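A.B. asks: sequence first, predicted coordinates after that:
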Amino acid sequence: MIKLTSKRYIYLLFTISVIFILSILFIFTYNHQTIFAGACHTYTNPTDVQDIPSGFGSPFYEVGDKSLFIRADCQGQTTTINIGNNDPQTYIYKDVYVWNGSNWNKRSLTSNDNWVKGSASILVNANELSDPNSAVAVYICTLESGQWKCGCRDSACEGDSARKWQLQRFSQDVQIQTGTVNTGNLALLEMGGTNYAMMSIGNYDGSTATWGQVRPVIRLYHENPSLVRNQLQQMYNNGQRKIALFLWYTRTPQGVIHGHHAVTSNGGRLNSKHEQNLVNLLNDIKNTGFDTLYFRFGTQDQSHPHSWTSWNEELYQENKNFVFSTRDLVTSTMAGSGIPVWFDLENEIGGAWNGQAGSGQQYDYQYRLWRDYVGRYGSGADTVGFSQILRTGTWASEQMRNLKEIYGNHMPPKLAGTIYGDESKKFTQLRNNLANNGWSNMPFVVIEGYYNDQTLVNEILNARNNLGVRIHTLIQWPLTREGANAGKLHFDIETPLLLPDFVFGGGGNNNNNNESVDGGGNNTGGEDGGAVIELPEPVIESAGAGCAELNCVWIRGNNFGTRPTVDVRTINYWGNPPSAQFPYRNYELYRSGNLDVLTLELPSHLVPIFHEEGLHFWVINDSSKWNVKEIFIKP
């Protein structure tokens, strides 16, 4: 472990006092930038260092590749501060300081001495802050060619540009140009996606006899890479922005079932073919443009702790090594892509107890694996822990209590669960269980649910709006409600191209056309048997450009409806709505106070035009009415 000399330690204490002296300067030099959701740190580019007060160091790896050392991810009322780069030659001082709007508050990382190696994270809740525009100060050292470089402000990292507390700013508000839209207790709904488990299911009909026709994408990617790339592109074109990969594994897969979809975990790592398949698939995902990856592990057969009548140390070590080696491969392959990766360490085991449903070592498995994971990686900040099956009744309550014991003092930043049927009761039970364990503000991912299912979506929106459950996205499973009712136990969708037609998914059952940016179409309601409410013309109160690259647009007003279309036009395109040039339905829509707030990210081919010439925007609501006064925006 790196040790501080007494001289350097005195300097460190002195630097802490300097931070307090700089507090006034910090308050008056703060300039927040526009952020909609997710990553919410202000310093995003190495050139931003010129804006950092002179008494602080840089949040970037200045003596290396200039990657971010300090990142913030905001989800409603909770911010995760991720520190480091997973490099064993990177050391993070155990004390971290968070600016709460008036004071610097010390937070201590878990460590065996004064330093944490590689990476670490802390959670910051809104109730800790008197100002949502906040900051964090961290002290980081790296070993470069046999010399320690600490608290760097620039690439030289010498003299006055070294041994400084490194600053990153973040905002827990959603900022727009004319003011602040606070999301309250809810995380923003984000565009969802699909569990991409199979590239083909053949004639699988739910029976064991036809199971051999399924083609798992990681296991058999090498059979048809072009098919995989085409499916990924179609999912993206239809509005999907998140994707989950599912890796089933067991020791020596065999038999009709496991021999066809699980990879071998022998030796605690993927074999060379499956490893290359995974790397190629991850590169395809990066090239397609998805904004988030969920990577899910699922033990099978003898490797699943449910099958252990007593603790099996040999299989546990093999499973642990397999999870760690695969996690490291995924992380290294995705490094530098800007795509966050979240790991589900074991599918649908979350909170299960030993002997649940008859036998097994499920609780001990989770308890042990979580502590080993945190011990190796410093935290579980890149995970959702262990996904749980959402249930009703006493089993559901017991699962959540068990999870609280399992995670202990190292909570993951968000939880995840799977839900199939009886959604209203299960979401109500989830709300109660979260509240009973002090987790009412915990972000939640529906990591499995029926495919392209409007009933599920309606219940998600009800859980958010009326129950206060902080669900922020849906990752659907390629099984329809109708298929499940017909006995198709696992899959009934060949290629999961669509998302249900809802405000945080886009796509839906829209028809594609050449002019559509991401699916197009316009559904004015009534197709599901509900009454069509006649709306007046949309009224726009304000609008502007946003996001760090100024490639986003925000629009505030009234009478938008529940499923509007945004008509995006270049300055030379004429014709009244609804004869749209670029009908756009991939956006986030929510209510803030007495206003509708719509935010969208422009497709890449429109961004240069937006910056150079500006674009016109109309909002066309569910009643096919549009704002009389056009909106023109140029950053």
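C.D. replies: Great, that's in hand. Treat the numbers as computed from the prediction; the structure is a model and nothing was measured.

A.B. asks: so what strands line up beside the longest strand seen in the chain?
C.D. replies: Determined from DSSP state E, the single longest strand within the chain is strand 78-93. Paired with strand 78-93 in the same sheet, following DSSP bridges, are strand 70-75 (antiparallel), strand 115-125 (antiparallel), strand 140-144 (antiparallel).

A.B. asks: strands of the stretch 501-635 of the chain, start to end?
C.D. replies: 539-546, 552-558, 565-569, 582-584, 588-592, 595-601, 615-620, 631-633 (DSSP state E, counting those that start in this stretch).

A.B. asks: so residue 43 sits in a helix?
C.D. replies: No: judged by DSSP: H, G, I helix; E, B strand; the rest coil, residue 43 forms no part of a helix; its state is coil.

A.B. asks: and residue 108, how many neighbours?
C.D. replies: 10 (other Cβ atoms under 10 Å). Glycine gets a C-beta too; all of them are placed from N, C-alpha and C.

A.B. asks: give me the beta-bridge partners of it?
C.D. replies: Bridge pairing for residue 108 - DSSP bridges - gives residue 95.

A.B. asks: can you give me the pLDDT of it?
C.D. replies: Listed pLDDT for residue 108 reads 85.

A.B. asks: that one contacts residue 94, correct?
C.D. replies: Yes: using Cβ atoms under 8 Å as the test, residue 108 is close enough to residue 94 to be in contact (5.6 Å).

A.B. asks: what about the helices in this structure?
C.D. replies: 6-21, 23-28, 217-220, 225-237, 258-261, 272-288, 313-334, 362-377, 394-407, 423-436, 454-462, 481-485, 607-612 (DSSP state H).

A.B. asks: give me whichever of the ones you listed is most buried.
C.D. replies: Sort the helices of the chain by mean neighbour count, taking mean count of other Cβ atoms under 10 Å, and helix 217-220 sits at the top with a mean of 23.

A.B. asks: ok, back up a step: so for the longest strand of the chain, what gets flagged as buried?
C.D. replies: Neighbour counts using 16 or more other Cβ atoms under 10 Å place 78-85, 90-93 of strand 78-93 among the buried residues.

A.B. asks: tell me the two of those residues that are most distant?
C.D. replies: The distance between the two most remote of those (Cβ to Cβ) is 26.6 Å, for 78 and 91.

A.B. asks: could you dump stretch 332-341 to CSV, C-alpha only?
C.D. replies: Listed next in CSV are the C-alpha coordinates belonging to stretch 332-341 (Å, rounded to 0.1, in the frame of the first residue of the first chain):
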residue,chain,number,x,y,z
SER,A,332,-12.3,-3.3,-20.4
THR,A,333,-14.0,-3.8,-23.7
MET,A,334,-16.5,-0.9,-23.0
ALA,A,335,-13.9,1.4,-21.5
GLY,A,336,-13.8,4.8,-23.2
SER,A,337,-17.2,4.2,-25.0
GLY,A,338,-19.1,6.5,-22.7
ILE,A,339,-21.7,3.8,-22.2
PRO,A,340,-22.4,3.0,-18.6
VAL,A,341,-22.5,-0.8,-17.7
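
A.B. asks: got any ranges where this structure has weak pLDDT?
C.D. replies: 1-39, 75-77, 126-133, 172-189, 254-259, 357-359, 498-533, 548, 572-587, 590-594 (pLDDT under 70).

A.B. asks: pick out the residue closest to the middle of it.
C.D. replies: For the chain, residue 292 is the residue whose C-alpha lies nearest the centre (Cα atoms, centre = their mean; 5.4 Å).

A.B. asks: partners of that one in the sheet?
C.D. replies: For residue 292, the beta-bridge partners are residue 242 (DSSP bridges).

A.B. asks: ok, back up a step: could you give the angle of the longest strand of the chain to helix 362-377?
C.D. replies: 50 degrees (axes from the mean of the first three to the mean of the last three Cα atoms, to 10 degrees).
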